[in-house]
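**Student:** predicted model and sequence below, questions to follow.
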Amino acid sequence: MADRSYAYDPVSTGASVNQQPYRMEQGQLWRQYIIAGAANIGIVCTGFCMGWTSPINPKLTDANSTIVGAPVSSDETAWIGSLLTVGAIFGPFIGGFAASKIGRKWGVLSSAIPLIIGFILMLTASSVGMIYAGRIFWGLAVGILFTVGPMYCAEIATDDSRGALGSFLQLFVTFGFIIVYGAGPSVSYAAVQYIGIACVVAFVVVFFFMPETPIYYLTKDDNESAAECLMKIRGKSRSGVQGELDLMAADIRAAMEKTATFADLFRGGNFKAFYISCVLVTAQQFSGINAVLFYMTDIFSATGSALEPATATIIIGAVQIGASAITPLVADRLGRRLLLLISSCGTAVGLGLLGMFFMLQDRKNPAAESLGFLPVLALVLFIVTYCWGLGPLPWAVMGELFPIEVKALASPIATAFCWVLSFLVTRFFSTVALAIGQGETFLLFGACCVGSFFFTLFVVPETKGKSFQEIQDMLAGKSSKMEKA
């Protein structure tokens, strides 16, 4: 598969046909996947932290629990679930600052600090307050990684692999879920924390040897370092990357001539990119995904299903991995819009079925007893279709839509907005479910997925196979250079 990013054009540059090293040299596409995979080991750690509450809540609430001196209350459990998202609201601003000042690579690696602090607090917790603090530190890491990780992957990718690498986030976060879902119920509370620390150490050791993005070096006017890391990423000689490097440098120079301000987010194509990103993360969070994941064990217990909640949770985690593995394979073939449309439909149906079951159960309808399989079926449908679109693609699209000069400003704001919504969902899911019914709450989530379908259908642009410049032209309503040619 040949690289197409920043394809060297001898007509526009005045070069002769013999001066086309970038087109002639194929490179090694697999290098991009290895490097992006190494970056996303950090996302495995965040998945571990996000799924942590599912197997740990029963250990904390058990009548005989002495982990923090006494069993935690239902209100404390709700705060434990939601405080990660509080940290994640502030993490993106740390990540955005780090990405622009010390680089995308070191911005990703900096997330290891709050991750380790969080695990140490959990390991030494003698009060529920220490668990609260640990969850906030984990949230900081989540916010950093969900901001800088997609930025890093987008900047090392060619146009025809950017969708696949952007979809890695959802795939790798599910690896974290399955690790904690599988180990959590069968090992001690302390052992769970040691497993998490081992994941963080593996992330730091592996990613330390990966390159910085060439775009970061170009923003610092360091063309030699940019060329060296581009050679590593593409698996090409210096002459083989020169054409791509020249076009990258030209785009960076044009971008650096502009100074992005907060007001720039509300102008022209930037505003369109910003509100599309915000609406997509709204759809992602109001699908109820974090409520489902954080309280999955409790949901299975509430169904009265014969299947052990811990076993059912592991099954769902395995389904997540299988579904998430599909998106990187098809994102650059089917496109972002089609996958988002399929995802919105599937999640709406899954949530509708789940809501119907709980409404029947709440009304003590005899049919609920014979439909014990329905929650598992509905959750599988919901998780599978969520992993195809609403899970990974808002992050992938966000990494593609913003121009270079506003990316470090816009991405943290959109990501922080996402986690504000996540906090509201996780903190008040139980409260709303008690007030109006669990079934009705899932139906509300389903209605949001229906809204996501129509927003995608009428507003979201297709970015498949387009260069960053073509995307900016499209958002601004201009014809791209390629289309003009």
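**Tutor:** Noted; the coordinates are in hand.

**Student:** domains for the protein, by residue range?
**Tutor:** Per the record, the chain has its domains at 22-210+258-484, 214-257, by automatic domain parsing.

**Student:** show me what contacts Arg238?
**Tutor:** Residues in contact with Arg238 (C-beta atoms under 8 Å, 6 or more residues apart in numbering) are 227, 231. Yep, even glycine has a C-beta here, placed from its N, CA and C like the rest.

**Student:** spell out which helix or strand contains the residue nearest the centre of the chain, please.
**Tutor:** Nearest to the mean C-alpha position of the chain, by C-alpha atoms, centre = their mean, lies Leu169 at 4.6 Å. Leu169 belongs to helix 168-183 when assigned by DSSP states H and E.

**Student:** tell me what that helix is packed against?
**Tutor:** Under the contact definition 3 or more C-beta pairs under 8 Å, 6 or more residues apart in numbering; DSSP states H and E, helix 168-183 sits against helix 30-39, helix 41-51, helix 53-61, helix 128-156, helix 189-207, helix 309-334, helix 374-388, helix 393-401.

**Student:** reformat those as a markdown table; add distance to Thr282, mean neighbour count and mean pLDDT.
**Tutor:** Below are the helices and strands packed on helix 168-183 laid out as a markdown table (distance: least, C-beta to C-beta, whole Å; neighbours: other C-beta atoms under 10 Å; pLDDT from 0 to 100):
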| stretch | distance to Thr282 | mean neighbour count | mean pLDDT |
| --- | --- | --- | --- |
| helix 30-39 | 26 | 19 | 93 |
| helix 41-51 | 19 | 27 | 94 |
| helix 53-61 | 23 | 21 | 88 |
| helix 128-156 | 15 | 26 | 93 |
| helix 189-207 | 29 | 17 | 96 |
| helix 309-334 | 20 | 19 | 80 |
| helix 374-388 | 15 | 23 | 87 |
| helix 393-401 | 9 | 28 | 82 |
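
**Student:** Ile102: which of the ones you listed is closest?
**Tutor:** helix 128-156 (10.4 Å; C-beta to C-beta).

**Student:** after the closest one, heading C-terminal, what element do we hit next?
**Tutor:** Past helix 128-156, the next helix or strand by DSSP H and E is helix 162-166.

**Student:** please save the CA atoms from that next one in CSV.
**Tutor:** Taking Å, rounded to 0.1, in the frame of the first residue of the first chain, the C-alpha atoms of helix 162-166 are listed here in CSV:
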residue,chain,number,x,y,z
ARG,A,162,-5.0,8.2,9.4
GLY,A,163,-8.5,6.7,10.0
ALA,A,164,-7.1,3.4,11.1
LEU,A,165,-4.5,4.9,13.5
GLY,A,166,-7.2,7.2,14.9
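
**Student:** please shift the residue numbers so they start at 39 in all later answers.
**Tutor:** With 39 as the first residue, the last one maps to helix 200-204.
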